[in-house]
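Undergrad: need a structure here:
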Amino acid sequence: MTRTEEFQELRPLLFAIAYRILGSVSEAEDAVQESWLRYEGAAARPDSPKAFLSATVTRISIDVLRSARVRRETYVGPWFPEPLLTDPYQDPERSAELADSVSMAALILLERLSPLERAVFVLREVFAFSYREIAAAVERSEAACRQLAVQARRHMDAGRPRFEADRRSRDQLAGRFFGALREGDVEGLRELLAADVRLLNDGGGKIGGTLPVLGLAKVARVLSVAVAPLAQIGAVLEAHEVNGRPGAIIRDRAGRIAGIWALDIADGRVQTIRSIVNPDKLRHLGPVADAQAVIREKQRARAATPGGDAPDEPRQPAQRSAGAGPLRPAF
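TA: Predicted coordinates for the structure are as follows:
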């Protein structure tokens, strides 16, 4: 087998490792590509291509994460990972760990860890690497790696998200949720939302509000006001798995991506809705819509509808009622 063939065979694993460490599709792809260049340029052929490439992509990802964390500290509004519609790496023996580790909630929780803790946790808990392999990858002793793993596991367990255990029930509930949205069934929505449901928007300060919408009544109202006019302007809410959980792609009339929704479902209710509309986080998925143009067109459609509300006017946070949050998260 040639080096190219070996690399292509391992590429899904390398991307899976890098994405979980970085939470960014574009940065993970760059890390994988850099790993290939180092593998191709190695004077001697490694005894184990998997060990060499896994260690290489891990070290690169740790370095990238250290610089990325500085940028994330100054990010405007909530920071969410770049959405992943399909995980290229599959391992039937670790399917549960892979699915849980790629969810939005888990990746956000991983942000609590230091870069080294995150890398060790991903390699050990998700991909079941031995401590000897992990030590070689992160260039620390096995004892240090064991301690890092303990610390990381403690942080993760303290905030571990709850998910609907039965995937079929979870997907059925998500189907009912998106059906109620399309039909404008507010009462149906209220039955599917948790009492303390959260609607969060990652627009990077470019699209939509930055404050959360909290609570069943407010979230149901915002959803009903935001989604109903989409059909009038030819936009669609397309149900699609996002990071291994139920979600949706919002497309404009030309099929371009205007946003991504990701749902957290537990205890038979939608607990969290994450809206990702920062165009920089959508470009890897295909052509990106002009989200501001979609919003303006949607507002005009609402204003032209008999009995419809007038378009929401942008207002300063101080003018909103206490705790109300933004009235238009994005869509």
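
Undergrad: quick one: pLDDT of the spatially closest residue to Leu285 that is not a sequence neighbour?
TA: Nearest non-adjacent residue to Leu285, counting by Cβ to Cβ, 6 or more residues apart in numbering: Ile257, 5.4 Å away. Any C-beta I mention is one placed from the backbone N, CA and C, and that applies to glycine too. Looking at Ile257, its pLDDT is 95.

Undergrad: ok, Ile257 touching Val288?
TA: Yes - the pair Ile257 / Val288 is scored as a contact, 5.5 Å apart, by Cβ atoms under 8 Å.

Undergrad: ok, and what's touching the longest helix along the chain?
TA: Identified as the longest helix of the chain according to DSSP state H is helix 49-73. Applying Cβ atoms under 8 Å, 6 or more residues apart in numbering, the contact partners of helix 49-73 are 3, 6-7, 10, 13-14, 17-18, 21-22, 24, 27-28, 30-32, 34-35, 38-39, 42, 46, 79, 111, 115-116, 118-119, 123, 129, 133, 136-139.

Undergrad: Distance from the chain centre to that helix, please.
TA: 19 Å (Cα atoms, centre = their mean, to the nearest Å).

Undergrad: That one - what's its average pLDDT?
TA: Mean per-residue pLDDT for helix 49-73: 95.

Undergrad: And it, what's buried?
TA: The neighbour-count check on helix 49-73 (16 or more other Cβ atoms under 10 Å) flags 49, 52-62, 64-65, 68 as buried.

Undergrad: repeat for stretch 228-238
TA: Using 16+ other Cβ under 10 Å as the test for burial, stretch 228-238 gives Ala228, Pro229, Leu230, Ile233, Ala235, Leu237.

Undergrad: My guess is the fourth one contacts Glu297. True?
TA: Yes - taking contacts as Cβ under 8 Å, Ile233 lies within contact range of Glu297: 4.8 Å.

Undergrad: All the helices of the protein, residue numbers only.
TA: 3-22, 25-41, 49-73, 95-102, 104-110, 115-121, 131-138, 142-158, 167-183, 186-192, 216-227, 291-304.

Undergrad: which one of those lies closest to Gly208?
TA: If you check each of those against Gly208 by Cβ to Cβ, helix 291-304 wins as the nearest, at 8.0 Å.

Undergrad: on that earlier part again, just the buried residues from the contacts of helix 49-73, in ChimeraX please.
TA: Selection of buried members from the contacts of helix 49-73 for ChimeraX, criterion 16+ other Cβ under 10 Å:
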select :6,7,10,13,14,17,18,21,22,24,27,28,30,31,32,34,35,39,79,115,116,118,119,123,129,133,136,137,138
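
Undergrad: what's around Ala291, how many residues?
TA: 24 (other Cβ atoms under 10 Å).

Undergrad: gap between it and Ala42?
TA: 44 Å (Cβ to Cβ, to the nearest Å).

Undergrad: same check, this time on Gly205
TA: Counting by Cβ to Cβ, the separation of Gly205 from Ala42 is 42 Å.

Undergrad: so where's the stretch 101-250 of the chain uncertain?
TA: Scanning the stretch 101-250 of the chain for pLDDT under 70 picks out the ranges 161-165.

Undergrad: buried sites along stretch 85-98?
TA: Buried residues in stretch 85-98, counted by 16+ other Cβ under 10 Å: Leu85, Asp87, Tyr89, Leu98.

Undergrad: is it true that the first one touches Val242?
TA: Yes - the pair formed by Leu85 and Val242 meets the contact definition of Cβ under 8 Å, at 6.4 Å.
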